[in-house]
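>>> Sequence first, then the predicted structure:
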Amino acid sequence: METTEQRKQALEIAKRLVDYKLTNDLDVIAEITQLCKEEVTTYILHNNRREIKKSQTMNSLA
């Protein structure tokens, strides 16, 4: 069974695959990271929302 740190690293790899536009195919990402598609989707969407809110906050301060 994988550790929490390994899971966190796998999720970061999944996010990078999407961010760097290498692939957005959940089947491929799930296979590479050995995570379920739902977990990858939740992680990526959650982080994207956080980044959008951070960007909006920074823009309103400027």
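Right, received. Where do you want to start?
>>> How many residues are close by Ile29?
Ile29: 22 surrounding residues under other Cβ atoms under 10 Å. Glycine gets a C-beta too; all of them are placed from N, C-alpha and C.
>>> could you list every residue that touches it?
Residues near Ile29 by Cβ atoms under 8 Å, 6 or more residues apart in numbering: Ala14, Leu17, Val18, Thr23, Leu35, Lys37, Val40.
>>> buried subset of the residues you listed?
Ala14, Leu17, Val18, Leu35, Val40 (16 or more other Cβ atoms under 10 Å).
>>> Counting neighbours, what do you get for the residue lying closest to the fourth one once chain neighbours are set aside?
Using Cβ to Cβ, 6 or more residues apart in numbering and skipping the chain neighbours, the partner closest in space to Leu35 is Ala10 (5.4 Å). By the measure other Cβ under 10 Å, the count of residues near Ala10 is 20.
>>> Can you say which helix or strand has Ala10 in it?
helix 4-19 (DSSP states H and E).
>>> quick one, what contacts Ile32?
Ile13, Ala14, Leu17.
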